[in-house]
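okay, sequence plus prediction incoming.
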Amino acid sequence: MNATTVKCDDLYLGFDEMDRTHQEFMRKVVQLTSASKEEFMALFSQFLQHTQENFEKEHEWMQSSKFPALADHVAD
């Protein structure tokens with residue numbers, strides 16, 4: 001799997017900003033799976049930072065749009 005062509009239709013929501021975030025998340029997952037031991041820790045740190053920042057953004061979007069499954073998303 002190529003990190004620039006990751007595709008997971010289940011993650012596409014029709015909300016461009018969130019769809020781009022999910023695409024970037026998947027690219028980072030692929031990078032981790034193919035990282036050398038030397039690269040892994042730096043990439044994992046970037047992955048964690050990306051995930052934390054974007055979960056916060058998603059939470060804000062869900063709150064402002066009154067997303068019906070917000071409680072489920074927070075529980076995950």
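Yep, that arrived. Note that the structure is predicted; figures quoted are calculated from it, not measured.

the top helix by length along the chain - contacts with which helices or strands?
Secondary structure of the chain read by DSSP state H shows that its longest helix is helix 37-64. Using 3 or more C-beta pairs under 8 Å, 6 or more residues apart in numbering; DSSP states H and E, the elements in contact with helix 37-64 are helix 16-33, helix 70-75. No exception for glycine: its C-beta is placed from N, CA and C like everyone else's.

okay, the ones you listed in TSV with distance to Gln63, mean pLDDT and mean neighbour count next?
Shown next, in TSV, are the helices and strands packed on helix 37-64 (distance: least, C-beta to C-beta, whole Å; pLDDT from 0 to 100; neighbours: other C-beta atoms under 10 Å):
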stretch	distance to Gln63	mean pLDDT	mean neighbour count
helix 16-33	14	88	15
helix 70-75	7	73	11
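
right, and those helices - which one's nearest Trp61?
In terms of C-beta to C-beta, the element of these nearest to Trp61 is helix 16-33, at 6.7 Å.

make JSON lines out of the helices and strands packed on helix 37-64 and add distance to Phe40.
As requested, the helices and strands packed on helix 37-64 are arranged in JSON lines below (distance: least, C-beta to C-beta, whole Å):
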{"stretch": "helix 16-33", "distance to Phe40": "7"}
{"stretch": "helix 70-75", "distance to Phe40": "28"}
